[in-house]
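> Mind looking at a prediction? Sequence and model below.
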Amino acid sequence: MDTTWVGPLPMTDSPARPQTAPVGIPARVRAAQEGDAAAFEAIYRENVGRVHALCLRMTANPREAESMTQEAFVRAWERLQQFRGESAFSTWLNHVAVSVVLTSRRATLRRLRRVESTDDLMRLDGPDPVRPSPDSRIDLERAIALLPDGARLVFVLFEIEGYSHAEIARELGIAENTSKAQLHRARGLLKEVLHDGP
């Protein structure tokens with residue numbers, strides 16, 4: 001993946017200079033908060049691979065993941081003043097990326113629900129993915145990508161990003177029990193794909 005920053009840096013509307021810089025803010029992030037485009041480009045280069053991997057896990061679509069990665073960094077630039085150093089910058093950036101992907105997903109689901117409304121997981125996600133042949137090997141990342149959309153999102157948020165079912169339910173606009181059902185479904189499908197057996 002190309003690590004050259006291609007997103008816009010709205011320098012005429014750059015983030016306002018903070019009144020005070022909390023102790024927990026790394027120097028490079030503080031410089032970016034003050035409008036230093038080179039500092040933000042360095043932040044981008046340091047973090048783009050990890051953010052792209054997260055977006056790819058959530059979308060299972062390389063083109064969409066690329067777009068979501070760029071959007072996440074645009075949002076990070078726009079919201080940089082909101083980072084107060086209360087958590088690691090990488091954690092904050094992950095939350096921005098998750099928010100970007102979920103916002104896009106909610107917009108897509110709203111369009112789909114105008115056409116058809118259902119609580120049936122199979123009808124929202126489609127059929128279970130095609131299984132590789134029993135003698136083929138598959139790694140975890142590829143296995144996650146094979147999961148149906150809803151199951152994959154819940155699995156990534158719960159198992160990888162550490163969200164609770166309550167948080168997932170709120171973010172995805174679903175019931176907690178649906179989140180739990182999707183996680184159970186994801187784990188079952190991953191067992192099959194990874195040949196763990198029953």
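Thanks, I have the structure now. Numbering: from 1, shown residues only.

> Scan this structure for its longest helix.
Longest helix in the chain, counting residues (DSSP state H): helix 89-115.

> Check which residues of the one helix or strand His184 maps to are buried.
For His184, the element it lies in under DSSP states H and E is helix 176-193. Neighbour counts over helix 176-193 (16 or more other Cβ atoms under 10 Å) mark Thr178, Ser179, Ala181, Gln182, Leu183, Arg185, Ala186, Arg187, Leu189, Leu190, Glu192, Val193 as buried. Bear in mind the C-beta positions are built from the backbone N, C-alpha and C, glycine included.

> Output that helix as CSV, nothing but the C-alphas.
C-alpha atoms of helix 176-193 as CSV (Å, rounded to 0.1, in the frame of the first residue of the first chain):
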residue,chain,number,x,y,z
GLU,A,176,-27.5,-6.6,22.0
ASN,A,177,-28.9,-10.1,21.4
THR,A,178,-28.4,-9.6,17.6
SER,A,179,-24.8,-8.7,18.3
LYS,A,180,-24.3,-11.8,20.4
ALA,A,181,-26.0,-13.9,17.7
GLN,A,182,-23.7,-12.5,15.0
LEU,A,183,-20.6,-13.1,17.1
HIS,A,184,-21.7,-16.7,17.7
ARG,A,185,-22.4,-17.1,13.9
ALA,A,186,-19.0,-15.6,13.1
ARG,A,187,-17.1,-17.9,15.5
GLY,A,188,-19.0,-20.9,14.0
LEU,A,189,-18.2,-20.0,10.5
LEU,A,190,-14.5,-19.3,11.3
LYS,A,191,-14.2,-22.7,12.9
GLU,A,192,-15.5,-24.3,9.7
VAL,A,193,-13.3,-22.2,7.4
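
> so Trp92 sits right up against Gln81, yeah?
No. Using Cβ atoms under 8 Å as the test, Trp92 is too far from Gln81 to be in contact (11.8 Å).

> Just want to know which of those two has more residues nearby.
Using other Cβ atoms under 10 Å, the more surrounded residue of Trp92 and Gln81 is Trp92, with 19 against 11.

> I figured Gly150 was touching Gln182, is that so?
Yes. Shown here, Gly150 and Gln182 form a contact pair, counting by Cβ under 8 Å, at 5.1 Å.

> need the buried residues of helix 176-193 in JSON lines with pLDDT and distance to Arg50, can you?
Compiled in JSON lines, the buried residues of helix 176-193 are given as follows (pLDDT from 0 to 100; distance: Cβ to Cβ, whole Å):
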{"residue": "Thr178", "pLDDT": "94", "distance to Arg50": "29"}
{"residue": "Ser179", "pLDDT": "93", "distance to Arg50": "24"}
{"residue": "Ala181", "pLDDT": "95", "distance to Arg50": "29"}
{"residue": "Gln182", "pLDDT": "95", "distance to Arg50": "24"}
{"residue": "Leu183", "pLDDT": "95", "distance to Arg50": "23"}
{"residue": "Arg185", "pLDDT": "94", "distance to Arg50": "27"}
{"residue": "Ala186", "pLDDT": "93", "distance to Arg50": "22"}
{"residue": "Arg187", "pLDDT": "93", "distance to Arg50": "24"}
{"residue": "Leu189", "pLDDT": "91", "distance to Arg50": "25"}
{"residue": "Leu190", "pLDDT": "90", "distance to Arg50": "22"}
{"residue": "Glu192", "pLDDT": "87", "distance to Arg50": "29"}
{"residue": "Val193", "pLDDT": "82", "distance to Arg50": "24"}
